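Chemist: Predicted model follows, preceded by the sequence.
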Amino acid sequence: MSEIKKVPIDKIKTNNFRVRTTFDEEKLQTLTESIKKRGILYPLVVKPLGDGTYKLITGERRLLAAKRAGLTEVPIIERKEISKDYEIIEMGIENLQREDLSYYERGRWVAKMKELGWSISALAEETGIPRKTLDDWLGFYEESERIKKVAIIATPEKLPLAGLLEVKRAPIPEEKKTELAVEASKMSEPPSVTEIQRATRLIEQEPTLSAREALERARGITVLVPIPVDLMPKLKAQADEWGVSIQEAIIQILRDYLE
Amino acid sequence: MGKKVQVTAMIEVEAYQKLVDLSRQKGKSISSLVREAIAKTYFEEGAKT
């Protein structure tokens, strides 16, 4: 069992590869305040470099917050024999457990492991993360710039993976996908997959609709009703007269009818 | 040959529940109530112009 010891904070060097590319300032501030009051509760995991310095494996947020809190020494656990691959695996696993790590960062980590020669199957076996999930994460990293933007914004705590995949494959313009992911991530209660499907359908029918409005409507609108085909021309004429979409017209018509 | 085309629209849950209640009261299907609503609005609105 590795023992915990304290070392000067300036002897710890950060790793060249980082799983996390951004830090939430608010959470970092909270951690800094907590470290000021109670110190670091969980030691940093480091690899001794043999010259009195250490390479950080896990605990970058804690290290950053400790520096901000003015600590001169930090508790560490040494991993002397750890290989480069396992450094990255440990870094990944520690961060992947956190719901605020974005899908882009998850995909970037999978890509790094692939670069180190790991297949998705081997990585799945080593980490216990399903292959499909690893593939989906990697997809967010490897795809176009716009998808990457969506994946950077979205984290599992704000938008479930299934919801993000729904946004990704929706037949709507790429900029709308980004807007939808941003708005979905802002909602106090994350939207369900069905709500995202409805929202994308609403945007398809009404391309000028904002993502926010589509999500709000999708939350309140949940039932599909059949429209008599022979009445579609009348419905269309009515919608044109009111200057609204067919979808909006039917909602209004039913509201009036049911009053 | 006539091909059956299904057209659907999304409506609010509240409206749907009212439609279900009305459908039970009148003994009519949801589809025929929707038909009635569209026809009523179209002709009423049409009559105004």
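Modeler: That came through fine. Please read all numbers here as calculations on a predicted model, not as lab measurements.
Chemist: how about the nearest residue to A:Glu206, chain neighbours excluded?
Modeler: Computed as Cβ to Cβ, 6 or more residues apart in numbering or on different chains, the closest residue to A:Glu206 that is not its neighbour in sequence is A:Ser245, at 4.7 Å. No exception for glycine: its C-beta is placed from N, CA and C like everyone else's.
Chemist: can you list contacts of stretch B:15-28?
Modeler: Outside stretch B:15-28, the residues that touch it by Cβ atoms under 8 Å, 6 or more residues apart in numbering or on different chains are A:222-223, A:225, A:251, A:254-255, A:258, B:11, B:29-30, B:33-34, B:36.
Chemist: Just flag the most distant two among those.
Modeler: Greatest spacing in the contacts of stretch B:15-28, by Cβ to Cβ: A:Thr222 and B:Glu36 (22.3 Å).
Chemist: for the residue lying closest to A:Glu3 once chain neighbours are set aside, helix, strand, or coil?
Modeler: With sequence-adjacent residues excluded and distances taken as Cβ to Cβ, 6+ apart, A:Glu3 is closest to A:Ile77, at 7.7 Å. Look at A:Ile77: counting by DSSP: H, G, I helix; E, B strand; the rest coil, its state is strand.
Chemist: Isn't A:Ile77 up against A:Tyr42?
Modeler: No - using Cβ atoms under 8 Å, A:Ile77 is not in contact with A:Tyr42; the gap is 9.2 Å.
Chemist: who has more neighbours, the two?
Modeler: Per other Cβ atoms under 10 Å in any protein chain shown, whichever of A:Ile77 and A:Tyr42 has more neighbours is A:Ile77, with 17 against 12.
Chemist: The more buried one and chain B, how far apart?
Modeler: A:Ile77 sits 54 Å away from chain B, going by Cβ to the nearest Cβ, to the nearest Å.
Chemist: so how far is A:Val45 from that residue?
Modeler: Distance, A:Ile77 to A:Val45, by Cβ to Cβ, to the nearest Å: 5 Å.
Chemist: swap in A:Leu209?
Modeler: Taken as Cβ to Cβ, the span from A:Leu209 to A:Val45 is 48 Å.
Chemist: Need the contact partners of whatever helix or strand A:Met232 lives in.
Modeler: Under the criterion of DSSP states H and E, A:Met232 resides in helix A:232-242. Here helix A:232-242 makes contact (Cβ under 8 Å, 6+ apart) with A:227, A:245-246, A:248-250, A:252-253, B:7, B:38-39, B:41-42, B:45.
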